[in-house]
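S.K.: Build the 3D model from these lines:
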Amino acid sequence: MIENRTLTIRRFRTGSVFRIVAAGAFLSLVPFACLMGVFALFGFHTVTWNHQPLTGIVGLIASPFIGLFLAALFTAFFGVCLAFGLWLYSKIRPLTLHILEETDGGA
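M.R.: Sure thing, here's the model as predicted:
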């Protein structure tokens with residue numbers, strides 16, 4: 001059974017913020033970069049490095065690494081910004097989250 005609950009959070013830990021941002025960045029940007037690598041394999045100019053399009057097998061091989069690099073860069077930048085913003089918000093008032101919790105002991 002699923003129960004609707006409300007949590008009041010005074011402050012997020014910085015590690016938790018980075019973990020959430022990293023999960024979102026890596027699980028979205030890396031598959032997208034791999035998809036662009038598949039397009040590059042077929043000759044489209046979807047993967048570039050140093051303003052040069054990478055096509056063929058080179059584009060397919062380079063695309064996951066470019067995705068990993070971009071996800072790490074976004075995680076570092078947005079993680080710091082989000083942690084700082086949430087820290088400022090915690091000085092004003094606590095954060096209220098509405099969650100759906102499974103009460104029958106599921107995974």
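S.K.: all strands for the protein, in order.
M.R.: According to DSSP state E, the chain carries its strands in the segments 2-9, 48-49, 52-53, 95-102.
S.K.: hmm, who's touching the third one?
M.R.: It refers to strand 52-53. The contact list for strand 52-53, computed with C-beta atoms under 8 Å, 6 or more residues apart in numbering, reads 40, 45, 47, 59. C-beta here means a position set from N, CA and C on the backbone, and glycine is covered the same way.
S.K.: out of those residues, who's nearest residue 27?
M.R.: residue 47 (19.7 Å; C-beta to C-beta).
S.K.: Please go through the chain and pick out the longest helix.
M.R.: What stands out as the longest helix in the chain, according to DSSP state H, is helix 57-92.
S.K.: Next up, the contacts around residue 63.
M.R.: 33-34, 36-37, 40, 47, 54.
S.K.: quick revisit: most neighbours per residue, which of the strands of the chain?
M.R.: Among the strands of the chain, strand 48-49 has the highest mean neighbour count (mean count of other C-beta atoms under 10 Å), at a mean of 14.
S.K.: roughly how far is it from the heart of the chain?
M.R.: Strand 48-49 has its C-alpha centroid displaced from the chain centroid by 22 Å (C-alpha atoms, centre = their mean, to the nearest Å).
S.K.: most centrally placed residue in this structure?
M.R.: residue 25 (1.8 Å; C-alpha atoms, centre = their mean).
S.K.: Now do that residue against residue 12, distance only.
M.R.: Separation of residue 25 from residue 12 (C-beta to C-beta, to the nearest Å): 17 Å.
S.K.: what would the strands of the chain look like in JSON lines with distance to residue 19 and mean pLDDT?
M.R.: Output for these, formatted as JSON lines (distance: least, C-beta to C-beta, whole Å; pLDDT from 0 to 100):
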{"stretch": "strand 2-9", "distance to residue 19": "15", "mean pLDDT": "89"}
{"stretch": "strand 48-49", "distance to residue 19": "29", "mean pLDDT": "94"}
{"stretch": "strand 52-53", "distance to residue 19": "35", "mean pLDDT": "95"}
{"stretch": "strand 95-102", "distance to residue 19": "16", "mean pLDDT": "89"}
